[in-house]
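> what's the 3D shape of this:
(chains A and B)
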Protein chains: 2
Amino acid sequence: MESAIPEHLQCPRTRHRRVGDDYTPPYPSFVARHAPTVNRVVMAYFGVQARGDSPAPAAGALHELAASFDAADGPGHWDRSRHADEAGFTNVICSAYWDDPARFQRWFAAQGQRWTREERSGLGTYVELVKPGVDRYETLFSAPDRAEGIATLAHGMSDMVLEHAYWGGARDRIPASQTDAMDPQGQPQVVRDGPLVSVRPHGNLCLIRSGQDWSDTEADERTLYQRDVEPVLRAGMDFLRDDGVKIGCYANRYVQVETRDGRPTEKSYGMSWWKSLAALERWAESHPTHVAIFGAAMKYLSTLGPAAKLKLYHEVTVARADDQLFEYLNCHARTGMQRAA
Amino acid sequence: MESAIPEHLQCPRTRHRRVGDDYTPPYPSFVARHAPTVNRVVMAYFGVQARGDSPAPAAGALHELAASFDAADGPGHWDRSRHADEAGFTNVICSAYWDDPARFQRWFAAQGQRWTREERSGLGTYVELVKPGVDRYETLFSAPDRAEGIATLAHGMSDMVLEHAYWGGARDRIPASQTDAMDPQGQPQVVRDGPLVSVRPHGNLCLIRSGQDWSDTEADERTLYQRDVEPVLRAGMDFLRDDGVKIGCYANRYVQVETRDGRPTEKSYGMSWWKSLAALERWAESHPTHVAIFGAAMKYLSTLGPAAKLKLYHEVTVARADDQLFEYLNCHARTGMQRAA
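Have a look, this model is predicted:
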């Protein structure tokens, strides 16, 4: 058992962890460990949207984006997903990860910036990204053998960690929480420049990507997931998408992961932008929609015990104002962080 | 809106509250306010147990106890309850409250001590009590007009308080939490002296009394409580009673409140002894049995909204070792804190 905060990021505390040294989590979980030389990462979501059900209009743009990822200084990892949004548009998002901000900056200047600066007929494009220091995010995995998201760039996984399976665990895993309440600072601002909309958000905006992988489940477990868990998860995701703003969730997408050439996989994730980590904590621990998700997941996991093949993970970031970028080109007005203002 | 911690007990913090100043609870709750001259209280549970279903054998002892409460320096308030325990004994408990420890000491020396020092044929008797400073407990009420427990001795109720409706709220309402983690210290010890068993517990032992009053509910609300909430509550109480020790719950009783002459009322409460506030927090926020209770209560309250007539309250104490007393005379071996060792 070890702390989720790696030794080189531990510091004298001015704020306490929520659990004592005698705390023992009831089941194991693991966190991604970067090489100690990594001090900042980039998590970037490149989206394309088109009216209607068909992804065909976006094929050319997605091909071009994939080619740009292969160019010099491209991401260390990327994946692709799809979702229908509340305005009836099909969105495809490629989420891309770097663990060297200098490489990202070179790539972005040469390749990535184009994504929201060159108009494409019938398509909206957007980029939403954060560049947190390694003291500003945390990860959590139910199994140590299936990296997703930023963890794909990690040196490896931790041993079992102490700070999980209680409310407030995500905060306690973020190294900055040792000395910083990470309260939100300022107000989001929407800036329009012709077809380009930028959102300048506030300090300590919070991003979560929270995923599930049911590709290993079989027979009864698969039925249990699809019948008892997924619909409850979907209802919570729909609530956040449609009514989240009033509780501090600016935007939520519940996406199905697909292969790089667009075939469905048995993975999904929710990604959402929050006014603060505190707002995310309050929803997770007490809103009826997440209490229902938590209850369904608990029942599922306690029914199956260690035999469960479902894999769960998430990553939570609290980003400084300077470490965020939101740009929307020809997107409908409810896309992403545009609703924050 | 005001802090649950009264102004005269606020002090410079070395430990932070779990929520920020911008937190707004989603519904109102209230806490008991003592006169500022009150600096310590006594919460004492006097129990009598007899094998089988009938309370008749205990009638004489209970009559004597009630008479002693009327003697000089008796409690400011007391109530009576009944439960069948896991060994098949009927228990009647009178819980009594003082807000002046000197008066309690005089009364106890003259009257109360007898309860566990004079043997009664066919009966077991016990006393479990704590004498916390006012910085060492908290109360919470869903409505400001129905005091129970220690709140019956309060000067009045607060306005709506900030620190509630999130996990960790109880800790944040206890004034000592401003500077003290209240971690458990030492191990319980059972001391036998003929038929008398004393339990010397450890520092920062935790007591909760958590009650519900459905006497005002009518028609559909009553059905909803009895059908959808009470059975889930009972299952959680049974779990704590039978299997609580492994998660730090030394003893749990789910009791029905009755009138002073033994007629049933439409009130009940659970009272339990815990190794620590942390152990209680962990059960409440993540154990399947309490997640189910929380889910059922949330569904009930969100169905009824402000029209709900069900009244809920609790009081949670974290007691210093010197502020505790546990004595059992001719009681079966699983009674109360005897299971702690």
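> CA atoms for contacts and neighbours, from now on please.
Will do.
> and the stretch 51-200 of chain A, which of its residues are near chain B?
A:165-167, A:183 (Cα under 8 Å from any Cα of the partner chain).
> Pick out the most distant pair among those.
A:Ala165 and A:Asp183 (22.9 Å; Cα to Cα).
> before we move on, back to that, in JSON lines: the residues of the stretch 51-200 of chain A next to chain B, plus neighbour count.
JSON lines is the format used below for these (neighbours: other Cα atoms under 10 Å in any protein chain shown):
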{"residue": "A:Ala165", "neighbour count": "17"}
{"residue": "A:Tyr166", "neighbour count": "18"}
{"residue": "A:Trp167", "neighbour count": "22"}
{"residue": "A:Asp183", "neighbour count": "19"}
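> Make CSV out of those residues and add secondary structure and pLDDT.
Listed next are these as CSV, based on DSSP: H, G, I helix; E, B strand; the rest coil; pLDDT from 0 to 100:
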residue, secondary structure, pLDDT
A:Ala165, coil, 93
A:Tyr166, coil, 95
A:Trp167, coil, 96
A:Asp183, coil, 97
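> Rebuild these as JSON lines, extending it with distance to A:Gln338.
Below are these laid out as JSON lines (distance: Cα to Cα, whole Å):
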{"residue": "A:Ala165", "distance to A:Gln338": "33"}
{"residue": "A:Tyr166", "distance to A:Gln338": "33"}
{"residue": "A:Trp167", "distance to A:Gln338": "30"}
{"residue": "A:Asp183", "distance to A:Gln338": "21"}
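> Find the helix or strand that the residue nearest to A:Gly236 when sequence neighbours are not counted is a member of.
Leaving aside its sequence neighbours, A:Gly236 sits nearest to A:Thr289 (Cα to Cα, 6 or more residues apart in numbering or on different chains; 4.9 Å). A:Thr289 is part of helix A:288-304, with elements assigned from DSSP states H and E.
> what angle separates that helix from helix B:288-304?
Interaxial angle, helix A:288-304 versus helix B:288-304 (axes from the mean of the first three to the mean of the last three Cα atoms, to 10 degrees): 150 degrees.
> Show me what helix A:288-304 packs onto, helices and strands only.
Secondary-structure packing of helix A:288-304 (3 or more Cα pairs under 8 Å, 6 or more residues apart in numbering or on different chains; DSSP states H and E): helix A:230-243, helix A:277-286, helix B:288-304.
> can you list contacts of the last one?
What that stands for is helix B:288-304. Residues from elsewhere that reach helix B:288-304, judged by Cα atoms under 8 Å, 6 or more residues apart in numbering or on different chains: A:288, A:291-292, A:295, A:298-299, B:221, B:224-225, B:228-229, B:232-233, B:235-236, B:239, B:283-285, B:308.
> Quick one: mean pLDDT for it?
If you average the pLDDT over helix B:288-304, you get 88.
> Quick check: buried residues in that helix?
Buried residues in helix B:288-304, counted by 16 or more other Cα atoms under 10 Å in any protein chain shown: B:288-301.
> The closest residue to A:Gln212 other than its chain neighbours - how many residues pack around it?
Leaving aside its sequence neighbours, A:Gln212 sits nearest to A:Leu312 (Cα to Cα, 6+ apart; 4.7 Å). Neighbourhood size, A:Leu312 [other Cα atoms under 10 Å in any protein chain shown]: 19.
> Starting from the helix or strand containing A:Leu312, tell me which strands it pairs with and how they run.
A:Leu312 is part of strand A:311-319, with elements assigned from DSSP H and E. Sheet pairing of strand A:311-319 (DSSP bridges) gives strand A:137-141 (antiparallel), strand A:205-213 (antiparallel).
> Need the winner for burial among those strands.
Greatest average neighbour count among the strands paired with strand A:311-319 goes to strand A:137-141 (a mean of 25), per mean count of other Cα atoms under 10 Å in any protein chain shown.
> Run through chain A and note the low-pLDDT ranges.
A:55 (pLDDT under 70).
> and the spatially most central residue of it, what does it touch?
Centroid-nearest residue in chain A: A:Arg209, 2.1 Å away (criterion: Cα atoms, centre = their mean). Counting by Cα under 8 Å, 6+ apart, A:Arg209 touches A:269-272, A:314-316.
> Once you drop chain neighbours, what's closest to it?
A:Met271 (4.3 Å).
> For that neighbour, give me its contacts.
A:207-210, A:252-255.
> Just the element for the nearest residue to A:Trp107 once chain neighbours are set aside, please.
Once flanking residues are discounted, A:Trp107 sits nearest to A:Asp73: 5.2 Å by Cα to Cα, 6+ apart. Secondary structure assignment for A:Asp73, by DSSP H and E: no helix or strand.
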